[in-house]
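> A predicted structure for the sequence below; I have some questions about it.
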Amino acid sequence: MADRFEEENEKRGMIYPAGYRPQAPAGAGDAQRPDPAVRNQLLNSILQQKPSPDAVPVDTDLFAVMAARRSTRKFADRPVESEKVDRIIAAADTAPTAGNYQGFEIFLVRGPDTKRRLVPACNNQPYVDAPLVLVFCKNPARVKFDFPDYILRKFAIQDATLAAGYSQLAAQALGLSSIWIGMFDEQKVMDVLGTDLVPSSVLCVGYPRQTKYPKPRRNLSDLVHVLW
Ligand SMILES: Cc1cc2nc3c(=O)[nH]c(=O)nc-3n(C[C@H](O)[C@H](O)[C@H](O)COP(=O)(O)O)c2cc1C
């Protein structure tokens, strides 16, 4: 028999996509479970989950998370827990978007064969076959401003990119690591995903096989320009 979540999902017109339903917070009884009809309630329950003995460890020091993040191309052979997947996706959904039109969509690539087919679409980068693969796609049709198409496309690429950045930091905060893939053949990725939406980035996530030190960055004088 379908549980309350599935019934609500059907009734309200598929709040959850086929094949993905966020986990209820660890240890939550039925009364504390988020109402699936309230999108933000669900999001908040994932993001604000209070630490408990069996909760996911999260580094809540944002700047420490930023400072420690490094690209990882070697992942341990260990799956990413579904609770972490939920948080990484929820983080993307908190990102600002142009007009709050949310001009992007995420493809959660679950199938091992589909992941493998993404490798040649991504310039044969083998680490694309990672434990967690998220493809962030632009959807300018969601952006309902009365502006020229090129502006809507510009908004959608910013929406998708920013959301992926939020997910990347969330992954780091959850003890995971990631590699941002920008080198891909758009059409080949679209063919693998079976979508008309154009990808903006592929975020590959997993447990790192090794800890890395931060990379050097340029001098501040090359970064910041001061105007009066
Ligand atoms: C827009 C963009 C595209 C990127 N594309 C790739 C890619 O296709 N393959 C790859 O291995 N790394 C890619 N990277 C990761 C960068 O190489 C990496 O972030 C950079 O070297 C800095 O290293 P760090 O992330 O460890 O600080 C990309 C990063 C960005 C932001």
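Nice, I can see it. This is a predicted model, so every value here is computed, not measured.

> how would you label residue 175: helix, strand or coil?
coil (DSSP: H, G, I helix; E, B strand; the rest coil).

> excluding chain neighbours, give the residue nearest to it in space.
With Cβ to Cβ, 6 or more residues apart in numbering as the criterion, residue 175 has its nearest non-adjacent residue at 6.3 Å, and that residue is residue 57. For glycine as for every other residue, the C-beta is placed from the backbone atoms N, C-alpha and C.

> how many neighbours does the one you found have?
Using other Cβ atoms under 10 Å, residue 57 has 8 neighbouring residues.

> do stretch 68-85 and the ligand meet?
Yes - contact of stretch 68-85 with the ligand (Cβ under 6 Å from any ligand atom) involves 70-71, 73.

> doesn't residue 199 fall inside a strand?
Yes - assigned with three-state DSSP, residue 199 falls within a strand.

> following the worst-scoring helix or strand of the chain on mean pLDDT, which helix or strand comes up?
Across the helices and strands of the chain, mean pLDDT, DSSP states H and E gives its lowest value to helix 4-11, namely a mean of 70. On the C-terminal side of helix 4-11, the closest following helix or strand by DSSP states H and E is helix 39-47.

> wait, what's in contact with residue 78?
By Cβ atoms under 8 Å, 6 or more residues apart in numbering, the contact list for residue 78 reads 131, 206-207.

> check contacts around the closest residue to the ligand within the chain.
Nearest residue of the chain to the ligand: residue 182, at 2.6 Å (Cβ to the nearest ligand atom). Shown in contact with residue 182 (Cβ under 8 Å, 6+ apart): 201-202.

> can you list the domains in the chain?
Following automatic domain parsing, the chain resolves into domains at 1-55, 57-211.

> one step back: tell me the SS of the residue nearest to residue 175?
Criterion first, three-state DSSP; result for residue 57: coil.

> same check on residue 127?
State at residue 127, reduced to three classes by three-state DSSP: helix.

> now do residue 178
Recorded secondary structure, residue 178: strand (three-state DSSP).

> so what's the residue count around it?
Number of residues near residue 178 (other Cβ under 10 Å) recorded here: 27.

> what number of residues lie near the nearest residue to residue 151 once chain neighbours are set aside?
What sits nearest to residue 151 in space, not counting adjacent residues and going by Cβ to Cβ, 6+ apart, is residue 145, at 7.2 Å. A count of neighbours around residue 145, defined by other Cβ under 10 Å, yields 13.
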